[in-house]
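Engineer: Just a sequence and a predicted model for now, questions to come.
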Amino acid sequence: MQARYRFILAVLVLGALVTGPFLLTSLLVWMEMKEPQRLLVKELIVPHLPLGTLLTALGFGLGLFVVRTLFRQYVQGLLKMGEHLRLMLGANRNFRVTAADGPPEVQQVARAINDLAQQRDELMNDVETQIARAKASVEEEKNRLAALMSELAQAVVVCNLDGRILLYNNRARLEFHALAQGPTSVASGALIGLGRSIFSILDKSRIAHAEEAIRQRLARGLAANVANFVTTTRNGQFLRVQMVPVMAAGEGQGTERSMSGYVLTVENITRSLEQEQSRNLGLMELTEGNRSALGNVRAAVETLADYPDMDAREREGFIRVISEEVGRMSRRLDASAQRFADAIKTRWPLEDVSAEDLVSAARRRIGELFKLPSKVEAAEENLWIKADSFSLIFAICFLAGRLADHYEIRELRFRILTEGQLAYLDLIWAGHAMSSETFYSWELESMQVGQENSPMSLREVLDRHGGEIWYQREKAAHRAYFRFVLPVAQAVQESLEPLPGSEQGRPEYYDFDLFNFQDTAVDLDRNLMEMAYTVFDTETTGLEPASGDEIIQIGAVRIVNGRLLRQERFDQLVDPGRPLRPEGIPIHGITEEMVRGQPTIDVVLPAFHAFCSETVLVAHNAAFDMRFLQLKEERTGLKFVQPVLDTLLLSAVIHPNQESHKLDVIAERLGIQIVGRHNALGDAYATGEVFLKMLPLLAEKGIHTLRQALEASQKTYFARVKY
């Protein structure tokens with residue numbers, strides 16, 4: 001029986017004890033009296049009946065107060081203590097019962113509980129230390145593998161046999177993020193992530209065919225168990241993919257071994273194919289365009305040869321035809337060479353380099369070699385260039401050394417600019433000007449920096465980059481500079497800021513337990529620990545979705561295999577198309593300037609819908625956030641049909657005797673520190689951590705499946721709240 005029902009029963013019993021004996025005695029005496037006695041009793045009792053009723057009510061009220069006080073101190077106090085014990089046993093080991101609450105007997109129990117908890121923590125810390133030592137070696141090997149994979153220049157993805165991603169490196173994340181970009185900066189295509197299907201990115205039939213080819217080679221005992229294929233993405237990009245099998249552990253050798261997954265190395269070859277097509281087009285234009293001109297020249301030459309006695313006027317006409325056709329051929333050749341120079345020229349393999357990092361390295365080396373101070377005068381942020389960083393830094397140091405030796409410059413300044421697809425890297429100095437002949441001689445001689453020699457010249461380094469170098473003067477400022485003209489990197493670069501509260505020392509791009517993780521479909525009868533979740537939160541212009549308030553930010557993070565994957569996040573501001581409420585700006589910190597020009601909800605919602613596909617949605621006070629999404633269903637044609645779990649309702653299920661179920665209070669109760677409160681992504685992180693702490697507490701209450709969690713949530717009082 002629930003506590004409140006027991007309290008109601010106690011009140012009824014109290015009422016019966018206060019009034020029952022008196023009423024029963026009065027009834028028995030009344031029945032034994034004769035009529036004259038009854039009339040006499042009426043005359044004596046009825047005038048004093050209000051006073052008796054008042055005294056009875058006061059007695060009942062006093063008894064009710066005593067019962068309620070005892071109930072709150074002992075029954076509810078012990079129930080809260082029981083919930084606190086569950087917290088100490090599972091979600092928050094550092095939680096302690098407040099010994100100052102309740103009567104002395106309950107306080108003694110609380111102190112004894114805290115002492116037992118302290119002893120248990122000491123024992124568990126000792127056990128965990130021993131377990132950590134035993135696992136350290138294995139964990140180090142896993143982290144080392146993941147760290148090495150993350151630094152590879154090629155995109156690498158590891159999948160199980162169902163195509164579920166269980167490892168990917170940083171290059172793969174950047175490559176596929178670029179492929180998923182829509183017309184705005186919002187990712188609207190297939191996304192990469194742990195537990196997601198690789199088939200949403202790569203053609204399933206191609207992968208299945210490559211897997212079958214590898215199985216056949218394994219069955220025949222061949223050593224070269226590698227398959228290669230080329231596929232296209234939804235937005236028309238060409239990818240070259242190599243598949244290598246991952247063999248099941250603990251099995252035999254040769255034909256007895258079987259695959260447990262595969263490693264995919266992915267390379268985007270779209271640009272190289274476009275360059276090859278451009279090269280072929282250039283050759284075709286040169287061939288077809290000059291064919292008729294060559295025919296005319298040949299006919300004119302043959303005519304001149306066949307008729308040596310031709311009239312001078314006619315001869316001049318044929319010579320003019322030859323001259324005009326040769327001129328046309330020359331102009332066509334120059335135009336084609338200029339148009340297709342980038343595709344025709346064979347270049348040294350270049351890497352994507354941060355211009356800021358390259359200049360920092362050059363400045364550091366110039367300071368070490370020549371004791372020459374240097375500064376960065378201007379630099380565009382997040383500029384990446386295509387470069388062979390070693391040879392380019394060597395060339396910069398070569399010029400700095402020559403300037404220091406020949407012109408005794410006191411300081412060197414750097415300037416980084418862009419214009420279209422070209423980057424300008426300027427080396428600026430003040431002082432004497434130099435002649436063009438001197439610069440030309442420096443450009444062609446072999447370079448030497450300190451004791452190091454290079455067989456290449458400055459011109460050869462620039463040719464390797466497909467770039468140029470110019471010498472220019474700023475007469476008004478009495479300065480001169482060398483300008484390196486370099487290609488801007490085409491690959492998408494993305495900086496990775498450290499996330500609040502992220503795990504230290506462990507990359508989040510892998511989970512080898514997913515080898516045995518098969519179906520991620522939303523099944524109501526699956527265990528809660530086996531499902532994938534999208535934890536999300538929204539910031540809005542106000543609290544009334546039905547009255548026109550709009551979403552201004554959506555933040556979300558994924559949970560897979562019991563892990564909060566902080567790197568697999570969705571964070572997007574939204575232009576609401578209406579003014580923000582001034583009273584809300586101090587809470588969420590989002591201003592009019594921040595949302596102006598951002599994508600609208602029509603663009604953001606499809607991207608978020610793709611991000612949370614095949615997952616269960618989790619939010620705190622989810623009815624509020626879901627109402628905003630539901631009001632956009634007709635406008636966007638998208639419905640969020642997956643189940644939704646609400647941490648507010650789950651908290652009421654786990655801790656029905658606690659007074660508050662606000663996110664801050666729950667987080668404090670579970671020992672979670674919230675960073676970035678009232679920011680959609682920060683609240684999503686906090687809600688995700690709260691939800692993971694709740695799973696073992698739900699299991700203790702017999703709630704193991706998604707269906708059970710949903711049914712228990714709907715029975716709580718807070719489930720009645722509507723927006």
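Structural biologist: Nice, I can see it.
Engineer: Quick check: buried residues in whichever helix or strand Glu276 is part of?
Structural biologist: Remark: Glu276 resides in helix 270-306, with elements defined by DSSP states H and E. When burial is assessed from 16 or more other CB atoms under 10 Å, helix 270-306 yields the following buried residues: Thr270, Gly282, Leu286, Asn290, Ala293, Asn296, Val297, Ala300. Any C-beta I mention is one placed from the backbone N, CA and C, and that applies to glycine too.
Engineer: give the contact list for the first one.
Structural biologist: When the contact criterion is CB atoms under 8 Å, 6 or more residues apart in numbering, the partners of Thr270 are Gly236, Gln237, Phe238.
Engineer: Would you mind measuring from it to Leu174?
Structural biologist: From Thr270 over to Leu174 the distance is 15 Å, taken as CB to CB, to the nearest Å.
Engineer: Next up, the contacts around Phe439.
Structural biologist: Shown here is Phe439, whose contacts under the criterion CB under 8 Å, 6+ apart are Tyr471.
Engineer: and the one helix or strand it maps to, how far from the chain's centre?
Structural biologist: Following DSSP H and E, one finds Phe439 within helix 436-444. For helix 436-444, the gap between its own C-alpha mean and the chain's C-alpha mean amounts to 50 Å (CA atoms, centre = their mean, to the nearest Å).
Engineer: Check the model's average confidence along it for me.
Structural biologist: Mean per-residue pLDDT for helix 436-444: 89.
Engineer: buried ones in that helix?
Structural biologist: Of the residues in helix 436-444, those with enough neighbours to count as buried (16+ other CB under 10 Å) are Phe439, Trp442, Glu443.
Engineer: ok, now stretch 234-250?
Structural biologist: Within stretch 234-250, judged by 16+ other CB under 10 Å, the buried ones are Gln237, Phe238, Leu239, Val241, Gln242, Met243, Pro245, Val246.
Engineer: do stretch 226-233 as well
Structural biologist: Ala227, Phe229, Thr231, Thr233.
Engineer: go on, stretch 383-401?
Structural biologist: Residues of stretch 383-401 classed as buried under the neighbour-count rule (16+ other CB under 10 Å) are 383-389, 391-401.
Engineer: what's the burial count for Arg464?
Structural biologist: Other residues within reach of Arg464, judged by other CB atoms under 10 Å, total 18.
Engineer: Then Met329?
Structural biologist: Look at Met329: counted by other CB under 10 Å, it has 17 neighbours.
Engineer: try Leu650
Structural biologist: The burial count assigned to Leu650 is 25, neighbours taken as other CB under 10 Å.
Engineer: hang on, the earlier thing: with pLDDT and secondary structure as new columns, can the contacts of Thr270 be given to me in CSV?
Structural biologist: Output for the contacts of Thr270, formatted as CSV (pLDDT from 0 to 100; DSSP: H, G, I helix; E, B strand; the rest coil):
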residue, pLDDT, secondary structure
Gly236, 75, coil
Gln237, 81, coil
Phe238, 85, strand
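Engineer: Just give me how far the helix holding Glu276 sits from the chain centre.
Structural biologist: The mean C-alpha position of helix 270-306 is separated from the chain mean by 51 Å, CA atoms, centre = their mean.
Engineer: residue ranges with poor pLDDT in the stretch 351-500 of the chain?
Structural biologist: Counting by pLDDT under 70, the low-confidence segments of the stretch 351-500 of the chain come to 490-500.
Engineer: now with 50?
Structural biologist: Per-residue confidence for the stretch 351-500 of the chain (pLDDT under 50) gives these ranges: 491-500.
Engineer: quick one, strands of it?
Structural biologist: Under the criterion DSSP state E, counting those that start in this stretch, the stretch 351-500 of the chain contains strands at 351-354, 374-379, 384-387, 412-419, 422-430, 446-449, 452-457, 468-474, 479-487.
Engineer: Could you identify which of those strands is most buried?
Structural biologist: Of all the strands of the stretch 351-500 of the chain, strand 384-387 carries the top mean neighbour count, a mean of 23, counting by mean count of other CB atoms under 10 Å.
Engineer: Show me what that strand is packed up against.
Structural biologist: In terms of contacts (3 or more CB pairs under 8 Å, 6 or more residues apart in numbering; DSSP states H and E), strand 384-387 is packed against strand 351-354, helix 355-370, strand 479-487.
Engineer: what is Thr534 paired to in the beta sheet?
Structural biologist: Thr534 has the following beta-bridge partners by DSSP bridges: Arg558, Leu617.
Engineer: Can you name the residues that contact it?
Structural biologist: Taking CB under 8 Å, 6+ apart as the contact definition, Thr534 lies against Ala556, Val557, Arg558, Ile559, Phe611, Cys612, Thr615, Val616, Leu617, Val618.
Engineer: which SS state does the first one fall under?
Structural biologist: This means Ala556. strand (DSSP: H, G, I helix; E, B strand; the rest coil).
Engineer: and it, how many neighbours?
Structural biologist: Taking other CB under 10 Å as the criterion, the count of residues near Ala556 is 28.
Engineer: who's in contact with it?
Structural biologist: Taking CB under 8 Å, 6+ apart as the definition of contact, the neighbours of Ala556 are Thr534, Val535, Phe536, Asp537, Arg569, Phe570, Asp571, Phe608, Phe611, Cys612, Leu681, Ala684.
Engineer: re the thing from before, for the contacts of Thr270, which one is nearest His478?
Structural biologist: Proximity of the contacts of Thr270 to His478, judged by CB to CB, is greatest for Gln237, which lies at 50.5 Å.
Engineer: wouldn't the closest one be in contact with Asn268 here?
Structural biologist: Yes - under the criterion of CB atoms under 8 Å, Gln237 makes contact with Asn268 at 6.1 Å.
Engineer: State the distance from Asn382 to Asp352.
Structural biologist: Distance check for Asn382 against Asp352: by CB to CB, it reads 12 Å.
Engineer: meant to ask about Leu638
Structural biologist: In this structure, Leu638 and Asp352 are separated by 36 Å, where distance is defined by CB to CB.
Engineer: and if you look at Ala132?
Structural biologist: Shown here: Ala132 relative to Asp352, a distance of 39 Å by CB to CB.
Engineer: Quick check on Ile201: phi, psi?
Structural biologist: Dihedral pair for Ile201: phi -110, psi -50, per degrees, to the nearest 10.
Engineer: how many other residues sit next to it?
Structural biologist: Residue crowding around Ile201 was assessed by other CB under 10 Å; the count is 25.
Engineer: just Met529 next, same as before
Structural biologist: Neighbour count of Met529, defined by other CB under 10 Å: 12.
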